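Undergrad: sequence and predicted model, in that order:
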Amino acid sequence: MIDANVLVIDDDDDILLSARLFLKQHFNQVVTCKSPKEINVLLSHNEIDIILLDMNYQKGASNGREGLYWLEHILSIDKDYVVILMTAYGNVELAVQAIKKGATDFILKPWENEKLFATLSAASRLRQSNKKVKKLEKIHSSLQKDQARQFEHIVGNSAPIKHLQNTLVKVAPTDANVLILGENGTGKQVFAYELHKHSLRKNHIFMHVDLGSLNENLFESELFGYAKGAFTDAKDDKPGRFELADGGTIFLDEIGNLSQPLQAKLLSVLQNRTVTRLGESKERKVNVRLITATNMPLHEMVTKGTFRQDLLFRINTVELLLPGLAQRGEDIILLANHFLHSFSTKYHKSLYKFEAKAESLLLGYHWPGNVRELQHVIERAVIMADGMEISAGDLQLSPQKFGGNTIIQPEMGLEEMEKLMVQKAIDKHKGNISRAALELGLTRAALYRRIEKFDL
Ligand SMILES: Nc1ncnc2c1ncn2[C@@H]1O[C@H](COP(=O)(O)OP(=O)(O)OP(=O)(O)O)[C@@H](O)[C@H]1O
């Protein structure tokens, strides 16, 4: 039994009866009707997959014009309907014309049952694959929407973030290969997606591949695909991520984790702009924009010989270095408020601000896990908090967790803490105001104002 529903439209009762008797043995559901005028109602009430359509309805008519008219009508309702026309010998040319207009096939009357079955089962396979494609298109577009929602925009007002955003706007539409460097949780993925969103490929796919999660065996089959029979489990042909990303952007995350042999394989794909599926010799052209990211020191790794210099040169036409959160002082409260509002909505709370003590704590913390850690801290605090404000206690940041040799304590006031951070940055950079300002996420002028204010 084939899992497809067939609609047969013909003005001849005998034809309808014999079609129904035969098709019922092979197809899920068979609906018949005498007049094409009922098409709208029938299609809106039944899940029809295949339509078997006669070409002439009015008495004595043989020019097939009605069939063409109803064919167009059906395809205007949904272009993915599979329509098969029924025609007498003399009308074969007309049937060919109908195929040009979008019919899938035609069958000659009187039909042989075997031929009718073969035509309809091929049609049902086509319908199934049309449905699959539609479903995948839907998944794709909803994934893209999800991604867009998840990374609505880059939150940040500090000098380094503004500088990065300026660079991003210039680089995004160029198709240049971009390497994003930065510690864990600094927003490398957010920036990669933002680059895609501002590129000329924005309406195509953004394919994120976490290279860190692919072992030596999976790397090639996942990235370049395989042919049926290439290995024991290869039951079907499968395109790799590069082919799937064709026309769009491929984001290779954790590129610093690649072993030397895999670096060589990747380099050859990037140089030739073609991939070869495992078990095949055919080279397939791929047109992708490449963005890579890592938290590993790639330049140092090149010096040590653990990362190929030629691969680095291939991927780093433009480099973006994302600063750690602790070096973007100004952004901490901005991001914290951003997360506060989104988690408040998610957990149906009416929290709208942080108590002053809580803000001081956030500013003084070391943030080794960067923005991701801040996001988790705020999520937990929103869940724990009572009332309208997040208190210092809700944050659950213990003094021991404050990094380095800092002497910042949670009970300090905001001003005191700010003064200490400014002093620390100036000491660390041995009085170099530009570098200290960059670390604090301030302009030089803003840092000078604070130096004056705190009499440093
Ligand atoms: N500037 C930002 N604005 C808004 N959200 C941000 C920003 N930076 C990071 N985030 C959020 O912080 C989390 C971590 O960011 P992301 O995954 O991009 O970091 P990453 O550097 O790619 O991390 P990893 O190296 O661990 O893969 C994400 O949930 C992201 O949405």
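TA: Looks like it arrived, so ask away.
Undergrad: who's in contact with whichever residue of the stretch 51-200 of the chain sits closest to the ligand?
TA: Here the stretch 51-200 of the chain gets closest to the ligand at one residue, residue 187, 2.7 Å apart by CB to the nearest ligand atom. For every residue, glycine as well, the C-beta is placed using N, CA and C. Each residue near residue 187 by CB atoms under 8 Å, 6 or more residues apart in numbering is listed here: 154, 322, 370, 371.
Undergrad: weed out the non-buried ones from the residues you listed.
TA: 322, 370, 371 (16 or more other CB atoms under 10 Å).
Undergrad: okay if I get these as a markdown table plus secondary structure and pLDDT?
TA: Compiled in a markdown table, the buried ones among the contacts of residue 187 are given as follows (DSSP: H, G, I helix; E, B strand; the rest coil; pLDDT from 0 to 100):
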| residue | secondary structure | pLDDT |
| --- | --- | --- |
| 322 | coil | 96 |
| 370 | helix | 93 |
| 371 | helix | 95 |
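Undergrad: kindly identify which of those also come near the ligand.
TA: Applying CB under 6 Å from any ligand atom to these, one finds that residue 371 fall near the ligand.
Undergrad: re earlier: now the two most distant members of the contacts of residue 187.
TA: Spatial extent of the contacts of residue 187 (CB to CB) is set by the pair 154 and 370 at 13.8 Å.
Undergrad: among the buried ones among the contacts of residue 187, which one sits closest to residue 245?
TA: Nearest to residue 245 among the buried ones among the contacts of residue 187: residue 322, at 23.1 Å, using CB to CB.
Undergrad: didn't that closest one look like it was pressed against residue 184?
TA: No: using CB atoms under 8 Å as the test, residue 322 is too far from residue 184 to be in contact (10.5 Å).
Undergrad: now do the helices in the stretch 51-200 of the chain.
TA: Counting by DSSP state H, counting those that start in this stretch, one finds helices in the stretch 51-200 of the chain at the ranges 65-77, 92-100, 113-150, 159-171, 188-197.
Undergrad: ok, which of those helices comes nearest residue 437?
TA: Closest to residue 437 of those, according to CB to CB: helix 159-171, at 7.1 Å.
Undergrad: packing partners for the closest one?
TA: helix 188-197, strand 318-321, helix 433-440 (3 or more CB pairs under 8 Å, 6 or more residues apart in numbering; DSSP states H and E).
Undergrad: residues of the chain that sit close to the ligand?
TA: 151, 154-156, 182, 184-190, 253, 295, 371-372, 375.
Undergrad: got a ChimeraX select line for the buried ones in the residues you listed?
TA: Buried subset of the residues of the chain next to the ligand, written as a ChimeraX selection, criterion 16+ other CB under 10 Å:
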select :151,155,156,182,185,186,187,188,189,190,253,295,371,375
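Undergrad: from the residues of the chain next to the ligand, which land in strands?
TA: With strands taken from DSSP state E, the overlap with the residues of the chain next to the ligand comprises residue 253.
Undergrad: flag the shaky bits of the stretch 101-250 of the chain, pLDDT-wise.
TA: Low-confidence regions of the stretch 101-250 of the chain, defined by pLDDT under 70, span residues 135, 138-139, 141-152.
Undergrad: I meant the stretch 251-400 of the chain, not that one.
TA: Applying pLDDT under 70 to the stretch 251-400 of the chain picks out residues 398-400.
Undergrad: what segments of it are strands?
TA: All strands of the stretch 251-400 of the chain, identified by DSSP state E, counting those that start in this stretch, fall at 274-275, 284-285, 289-294, 318-321, 353-354, 389-390.
Undergrad: so what touches the third one?
TA: Counting contacts by CB under 8 Å, 6+ apart, the residues outside strand 289-294 that touch it are 175, 177-182, 188-189, 192, 195-196, 199, 201, 248-257, 270, 315.
Undergrad: do the last one as well
TA: Applying CB under 8 Å, 6+ apart, the external contacts of strand 389-390 come out as 340, 351, 352, 353, 354, 355, 358, 378, 381, 382.
Undergrad: how near is whichever residue of the stretch 201-350 of the chain sits closest to the ligand to residue 262?
TA: Going by CB to the nearest ligand atom, the ligand is nearest to residue 295 of the stretch 201-350 of the chain, at 4.9 Å. Distance, residue 295 to residue 262, using CB to CB, to the nearest Å: 18 Å.
Undergrad: ok, now which ones touch the residue nearest to residue 357 when sequence neighbours are not counted?
TA: Nearest residue to residue 357 in three dimensions, chain neighbours excluded: residue 392, at 4.1 Å (CB to CB, 6 or more residues apart in numbering). By CB under 8 Å, 6+ apart, the contact list for residue 392 reads 355, 357, 358, 360, 361, 410.
Undergrad: ok, and the most crowded of the residues you listed?
TA: Greatest neighbour count in the contacts of residue 392, by other CB atoms under 10 Å, goes to residue 361: 27 neighbours.
Undergrad: please report how far it lies from residue 316.
TA: In terms of CB to CB, residue 361 sits 38 Å off from residue 316.
Undergrad: what does residue 443 give?
TA: Distance of residue 443 to residue 316, computed by CB to CB: 28 Å.
Undergrad: can you check residue 194 too?
TA: With the distance defined as CB to CB, residue 194 ends up 18 Å from residue 316.
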